[in-house]
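Q: Sequence first, then the predicted structure:
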Amino acid sequence: MPYFFAWRAAVFAQQPPPLNAPSPSLPAYEPGDTAVRRIAGWRLAVLWPFAMLVRLWGMSLRFESSPEDLRHYTKRDVPVAFVLWHNRLFLAPEIYRRWRRPRPLYALVSASQDGAWLTAFFSLVGMRTVRGSSSRLGREAASALVEVQRAGHDIGVTPDGPRGPCYEVKPGALIVARRTKAPLLLVGGTFTSVWRLKSWDRFILPKPFSRVRMQCELIAPEQLADRDAATALLQNRLLALNPDPDGGGAAGPTPRAPGSA
């Protein structure tokens, strides 16, 4: 399925819609650079059933949260950077739909063909992305993502994306977070029943109509001053918030899917 393949191709994941908010100026490659792949025409139409399926799937999930965590998720007076493990990306559209609208939520997505499928999917569910890659485009796109948040919009970051190792915080996500000087909201999700994909992160798909316990922790910008300490803080807190569905305990670093390289 192109949709699930595209999920795994995200660089920094999350998602966003315009909703009458002015868009920040994006790098010149966004509207027309040939290095940025796009999906249009009949291919975009093919994605529509998947978009509707995922919407209905997400709406069927029974989200639970403590009053304190719910206050953090629904507090919209300042923009935040959502930080979640790559294998929990399926939760992101529902976090936005249930708790963050109408504030836009933006993601940095690969400039590749795989990223194009993800961007096209987001467009069908009212979201927007900033496109980039691991080279020049990635650096410029990361700067654009910082501008997006400074303009007052939420952003989403997967600190172990785009290709792992799983459950390991990499410096790129932290650099973006430190530059925005915005609070980080670490996302935690535990599940009663899931399917796992055979991807590098063993991507998690909560089964329809199952319960999802949503937790979170707010990290102030001042706690990110020291890079090594901040990396350890994010790693430890995200692991504590996200028990692995297969292990029963805290998610351990770099697990391997059966049969994966």
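A: Done, it's in.

Q: From here on, just use CA atoms for contacts and neighbour counts.
A: Fine.

Q: all helices in the chain, in order from the N-terminus.
A: 2-8, 29-32, 42-60, 67-74, 92-95, 113-124, 136-150, 171-180, 227-241 (DSSP state H).

Q: from the ones you listed, which stretch is densest packed?
A: Ranked by mean neighbour count, the helices of the chain are led by helix 113-124 with a mean of 23 (mean count of other CA atoms under 10 Å).

Q: Next, the angle from it to helix 42-60.
A: 60 degrees (axes from the mean of the first three to the mean of the last three CA atoms, to 10 degrees).

Q: Please save the CA atoms from helix 113-124 in CSV.
A: Presented in CSV, the C-alpha positions along helix 113-124 are these (Å, rounded to 0.1, in the frame of the first residue of the first chain):
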residue,chain,number,x,y,z
GLN,A,113,8.9,9.8,-4.3
ASP,A,114,8.0,8.0,-1.1
GLY,A,115,7.6,11.4,0.6
ALA,A,116,5.5,12.6,-2.3
TRP,A,117,2.9,9.8,-1.5
LEU,A,118,2.9,10.9,2.2
THR,A,119,2.5,14.6,1.2
ALA,A,120,-0.4,13.7,-1.2
PHE,A,121,-2.1,11.7,1.5
PHE,A,122,-1.8,14.6,3.9
SER,A,123,-3.3,17.0,1.4
LEU,A,124,-6.4,14.7,1.2
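
Q: wait, which of the helices of the chain is closest to residue 203?
A: Among the helices of the chain, the nearest to residue 203 by CA to CA is helix 2-8 (8.0 Å).

Q: Compare the helices of the chain and give me the one nearest residue 86.
A: Closest of the helices of the chain to residue 86 is helix 2-8, at 7.7 Å (criterion: CA to CA).

Q: Please report how far residue 127 lies from residue 102.
A: According to CA to CA, to the nearest Å, residue 127 and residue 102 sit 11 Å apart.

Q: need the helices of the chain in JSON lines with mean pLDDT and distance to residue 203, can you?
A: Compiled in JSON lines, those are given as follows (pLDDT from 0 to 100; distance: least, CA to CA, whole Å):
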{"stretch": "helix 2-8", "mean pLDDT": "41", "distance to residue 203": "8"}
{"stretch": "helix 29-32", "mean pLDDT": "40", "distance to residue 203": "28"}
{"stretch": "helix 42-60", "mean pLDDT": "86", "distance to residue 203": "15"}
{"stretch": "helix 67-74", "mean pLDDT": "97", "distance to residue 203": "23"}
{"stretch": "helix 92-95", "mean pLDDT": "89", "distance to residue 203": "13"}
{"stretch": "helix 113-124", "mean pLDDT": "77", "distance to residue 203": "15"}
{"stretch": "helix 136-150", "mean pLDDT": "74", "distance to residue 203": "24"}
{"stretch": "helix 171-180", "mean pLDDT": "78", "distance to residue 203": "19"}
{"stretch": "helix 227-241", "mean pLDDT": "95", "distance to residue 203": "16"}
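
Q: Reformat those helices as JSON lines; add distance to residue 85.
A: Below are the helices of the chain laid out as JSON lines (distance: least, CA to CA, whole Å):
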{"stretch": "helix 2-8", "distance to residue 85": "11"}
{"stretch": "helix 29-32", "distance to residue 85": "26"}
{"stretch": "helix 42-60", "distance to residue 85": "18"}
{"stretch": "helix 67-74", "distance to residue 85": "17"}
{"stretch": "helix 92-95", "distance to residue 85": "11"}
{"stretch": "helix 113-124", "distance to residue 85": "17"}
{"stretch": "helix 136-150", "distance to residue 85": "18"}
{"stretch": "helix 171-180", "distance to residue 85": "11"}
{"stretch": "helix 227-241", "distance to residue 85": "8"}
